[in-house]
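Student: okay, predicted coordinates and the sequence, questions at the end:
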Amino acid sequence: MANTTHTLSTKWGIVAEFESAAAIYHAAEKTTAQGYTRVDSHTPFPVHGIEKALRHGPSGLGWIVVCCGLTGIVLAQLMMWWMNAVDYPIWVSGKEPYAWPPTIPITFECMVLLSAFGAVFGMFGLNRLPRFHHPIFHHSTIHRVSDDRFFLSIEATDPKFDSLQTARFLESLGGKHVEIVEDK
Amino acid sequence: MTAIQVDPIGPRVVDEPENPLRRAPLVEGKNDFASVTNLIARVAEQKTPRGWYLMFGISIALLANLGAMIGYLVFTGVGVWGNNVPVAWGWPIVNFVFWIGIGHAGTLISAILFLFRQKWRTSINRASEAMTIFAVMAAGIFPAIHVGRIWVIYWVFPLPNQMSMWPNFKSPLVWDVFAVSTYFTVSALFWFVGLVPDLATFRDRAAKAGRNVAARIYGVFAMGWHGSNRHWLHYEKAYMILAALSTPLVLSVHSIVSFDFAISIVPGWHTTIFPPYFVAGAIFSGFGMVLTLMIPARKWLGLHELVTLNHLDNIAKILLLTGTMVGYAYATEFFIAWYSQVDYEQFAFMNRAFGPYWWAYWIMVTCNVVSPQFFWFRSLRRNPTVLFVISIFVNIGMWFERFVIVCTSLHRDFLPSSWGYFTPTLIDILTYAGTFGLFFTFFLLFCRFLPILAISEVKGVMPEASPHFVHHGHAGGQAGGHGAGPGAPTHHTH
């Protein structure tokens, strides 16, 4: 069925290589100014400010973390109250089985733990990672994305996408290795 | 958008004198992005040096010794240690606090210095975070094995058990269980998140060099990272949130460790100064260990252009600050003992300094308060040999601080009939030595197989990482952004 798979492959997008953070930043600015919307950059480190050039919205991760943190607080309080005051009340030195001051340290730790889970797993979830196969890995020089090169991708689903025009446009911005990447 | 003028990358000299009007470069030498990748990846890609095998052999022998000591302890009982009434908390708790304190510097560097935008942290944060994780592992062993019946250690967690009882959540020892296990988990997650982009670097390099097995293994842990900006947005948010969570976490962990002592009514322990005093001491000891590890590492692994003398200088300043804070805490304890006019409190402190353990107390003061004072001198702060020697003193001093707190407060109970003198047994000493085996075994494996410096973060603080970087020496600049043009920093020699 190998041939069938091959014929089913569709264009994922066009990827171009740039040599510096400044170059990718200005290329991103011009690309979005041209009306492209499904644009992304691929860089060895976060290029600060490029999200504005690419018109990417802010991350909503904070909301996930807030929910997780509040869950941690509630669960910790319920646990300590139920275990020490309801299920098996422990009287030590005549102190109340449940009182809020001694619950603060554990409540705090549970809040931090669940928030951290929310931050890490939420981040991977929002990023749809792990994903070991991605069309962009078919680009011929993409291995340098983790070294010293900067890539701009325009996806084929972009309304303004046109194999010829878009490729020519990226070349005019100074992009090298402008390649159509297949989704196979 | 106006272009920001940044320092030229060309004529940098290694260890140039610091001009106070100008930030010292964070990466020295004529390095660009590719050479930074090479410098760091080379450490893991080169043929294993013979010295590594030697050190690994010693470490793993010590680790085996740890296993043997724990086995002997479990099969015989805690009587094999020197702990006995009145000093029921002997070396195991001393060593626990020692190791957990070491871990704190890693979190301080990765979280607190990040929130304060201290960019110099990038070249030491990865190794320090690894140090944190391995130190917390070494620390966690002691409370686990000192309970005696290690097979019911799960009673410390709120899990159903055969007694149908739950932990007493009013006990600081239970708080400690939550604090240390949360600390370990969050530190490990933070470390892994930081590693992901660098593991992608290792994956791509291994794949290019045809090392397919390595590429697969690194690839699995890199999770398919390809540096997408949408990914970086969530990633940086997660990093910032983790830093913001870890900052109060690290302060809480050693505060809660200090509650193990301070919530009791033992004179010498029952003081409100303990949480800040413990946290300052923890950071002090941790930075001592960072220097002990990084000075040989930068020399042997050729990382002196990334871990520069300016970095060591900064660490020395933190040692000076925290060492002096610890000294201030020692003085305050004495003042408050006098000021309180409580006989037991006064006796505890006089006994600490002039009683049978006077030698331990003065070793502690010499190492922790006196030795960092050398760092008032710039030339000594920038001398790796001096730094290394003093870092060893700091490690010794901080171990003795915990020994002094645990043993001198307990060994003379309220009644002279129950006075005693704690002496460690050979098993105590070998177990403690064994935890160094555990620590160094993991640290050496880390140096051998993982990116020892945060590659993507170091690149991110280089001047040419700014999207508004203008390369000097090319009239008119290249703000137009023709990456392929001669203005690109990496093609300076064209």
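Tutor: It's in.

Student: quick one: average pLDDT of stretch B:47-59?
Tutor: Averaged across stretch B:47-59, pLDDT comes to 94.

Student: flag every buried residue along it.
Tutor: B:52, B:55-56, B:59 (16 or more other C-beta atoms under 10 Å in any protein chain shown). Glycine gets a C-beta too; all of them are placed from N, C-alpha and C.

Student: for stretch B:329-345, same thing?
Tutor: B:329-330, B:333, B:337, B:345.

Student: buried sites along the longest helix along chain B?
Tutor: In terms of residue count, the longest helix belonging to chain B (DSSP state H) is helix B:172-208. Residues B:172, B:174-184, B:186-191, B:193-207 are the ones in helix B:172-208 that count as buried (16+ other C-beta under 10 Å).

Student: for the residue nearest the centre of chain A, what are its contacts?
Tutor: Residue closest to the average C-alpha location in chain A (C-alpha atoms, centre = their mean): residue A:127, at 3.4 Å. Each residue near residue A:127 by C-beta atoms under 8 Å, 6 or more residues apart in numbering or on different chains is listed here: B:228, B:230-231, B:234-235.

Student: what about 6 Å?
Tutor: B:231, B:234 (C-beta atoms under 6 Å, 6 or more residues apart in numbering or on different chains).

Student: per-residue pLDDT, it?
Tutor: Predicted confidence (pLDDT) for residue A:127: 93.

Student: chain center to the helix or strand containing residue A:78: distance?
Tutor: Following DSSP states H and E, the helix or strand that holds residue A:78 is helix A:61-81. The chain centre lies 23 Å from the centre of helix A:61-81; the measure is C-alpha atoms, centre = their mean, to the nearest Å.

Student: next one: it, is it in contact with chain B?
Tutor: Yes: Helix A:61-81 lies within reach of chain B by C-beta under 6 Å from any C-beta of the partner chain, at A:61, A:65, A:80.

Student: between those residues, which is closest to residue A:165?
Tutor: Nearest to residue A:165, judged by C-beta to C-beta, of the residues of helix A:61-81 next to chain B is residue A:61 at 35.7 Å.

Student: report how many residues lie close to that closest one.
Tutor: 23 (other C-beta atoms under 10 Å in any protein chain shown).

Student: what does residue A:86 give?
Tutor: Residue A:86 - counted by other C-beta under 10 Å - has 11 other residues nearby.

Student: and residue B:26, what's its pLDDT?
Tutor: 82.

Student: do the same with residue A:133
Tutor: 88.

Student: from residue B:216, how far out is it?
Tutor: According to C-beta to C-beta, to the nearest Å, residue A:133 and residue B:216 sit 13 Å apart.

Student: can you add pLDDT and give the residues of helix A:61-81 next to chain B back as CSV?
Tutor: Shown next, in CSV, are those (pLDDT from 0 to 100):
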residue, pLDDT
A:61, 95
A:65, 97
A:80, 95
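
Student: out of those residues, who's nearest residue A:123?
Tutor: For these, the nearest to residue A:123 is residue A:61 (6.0 Å; C-beta to C-beta).

Student: neighbours of the nearest residue to the closest one once chain neighbours are set aside, how many?
Tutor: Closest residue to residue A:61 in three dimensions, ignoring its sequence neighbours and counting by C-beta to C-beta, 6 or more residues apart in numbering or on different chains: residue B:237, at 4.5 Å. By other C-beta under 10 Å, 21 other residues sit near residue B:237.

Student: can you tell me the closest non-neighbouring residue to residue 146?
Tutor: Answering for chain A, as no chain was given. residue B:201 (4.0 Å).

Student: wait, chain B
Tutor: residue B:92 (3.9 Å).

Student: next one: the one you found from residue B:143, what distance?
Tutor: Taking C-beta to C-beta, one finds residue B:92 at 7 Å from residue B:143.

Student: of those two, give the one with the bigger neighbour count.
Tutor: For the pair residue B:92 and residue B:143, the greater number of neighbours falls to residue B:92 (23 against 20), based on other C-beta under 10 Å.

Student: please identify the helix or strand for that one.
Tutor: Judged by DSSP H and E, residue B:92 forms part of helix B:91-107.

Student: residue A:159 too?
Tutor: Going by DSSP H and E, residue A:159 is not in any helix or strand.

Student: quick one, phi psi at it?
Tutor: phi -60, psi -30 (degrees, to the nearest 10).

Student: burial count for it?
Tutor: 8.

Student: over to residue B:67?
Tutor: Neighbours of residue B:67 (other C-beta under 10 Å): 12.

Student: dump the residue contacts of the closest residue to it other than its chain neighbours.
Tutor: Spatial nearest neighbour of residue B:67, chain neighbours left out: residue B:434 (7.6 Å); criterion: C-beta to C-beta, 6+ apart. Applying C-beta under 6 Å, 6+ apart, one finds that residue B:434 lies in contact with B:62, B:65-66, B:69.

Student: from residue B:60, how far off is residue B:434?
Tutor: From residue B:434 to residue B:60 the distance is 11 Å (C-beta to C-beta).

Student: residue B:87 too?
Tutor: 32 Å.

Student: separation between residue B:282 and residue B:301?
Tutor: Residue B:282 is 27 Å from residue B:301, by C-beta to C-beta.

Student: quick one, which of the two is more surrounded?
Tutor: Neighbour tally, residue B:282 and residue B:301, criterion other C-beta under 10 Å: the higher count belongs to residue B:282, 30 against 21.

Student: rewinding a little: please say which of residue B:87 and residue B:60 ends up with more neighbours.
Tutor: Shown here are residue B:87 and residue B:60; by other C-beta under 10 Å, residue B:87 has more neighbours (22 against 16).

Student: wait, the more buried one touches residue B:422, no?
Tutor: Yes: between residue B:87 and residue B:422 there is a contact under C-beta atoms under 6 Å: 3.9 Å.

Student: okay, and the common contacts of these two?
Tutor: B:407, B:411.

Student: mind checking the SS state of residue B:270?
Tutor: coil (DSSP: H, G, I helix; E, B strand; the rest coil).

Student: which ones among the buried residues of stretch B:47-59 map onto helices?
Tutor: B:52, B:55-56, B:59.

Student: which helices and strands does the longest helix of chain B pack with?
Tutor: helix A:104-126, helix B:125-146, helix B:212-222, helix B:229-262, helix B:455-460 (3 or more C-beta pairs under 6 Å, 6 or more residues apart in numbering or on different chains; DSSP states H and E).

Student: domain assignment for chain A?
Tutor: A:9-55+A:133-183, A:61-126 (automatic domain parsing).

Student: report how many residues lie close to residue B:149.
Tutor: Neighbour tally, residue B:149, other C-beta under 10 Å: 10.

Student: same check on the one 5 residues further on?
Tutor: Residues lying near residue B:154 (other C-beta under 10 Å) number 10.

Student: how near is it to residue B:192?
Tutor: 26 Å.

Student: between residue A:133 and residue B:216, who's got more neighbours?
Tutor: residue B:216 (13 against 8).

Student: okay, that one and chain A: tell me how far apart.
Tutor: 10 Å (C-beta to the nearest C-beta, to the nearest Å).

Student: pLDDT wise, what is that residue at?
Tutor: 94.

Student: from residue A:132, how far off is it?
Tutor: 10 Å.

Student: same check, this time on residue A:152
Tutor: Residue A:152 is 23 Å from residue A:132, by C-beta to C-beta.

Student: okay, these two: which has more neighbours?
Tutor: Each of residue A:152 and residue A:132 had its neighbours counted (other C-beta under 10 Å), and the higher figure belongs to residue A:152 (29 against 12).

Student: now do the contacts for the more buried one.
Tutor: Applying C-beta under 6 Å, 6+ apart, the residues near residue A:152 are A:16, A:27, A:41.

Student: ok, of those residues, which one's closest to residue B:429?
Tutor: Distances from residue B:429 to these, taken by C-beta to C-beta, are shortest for residue A:41, at 56.4 Å.

Student: list the contacts of the nearest residue to that closest one once chain neighbours are set aside.
Tutor: For residue A:41, ignoring the flanking residues on the chain, the nearest one in space by C-beta to C-beta, 6+ apart is residue B:229 at 4.4 Å. Contacts for residue B:229 (C-beta under 6 Å, 6+ apart) come out as A:40-41, A:50, A:54.
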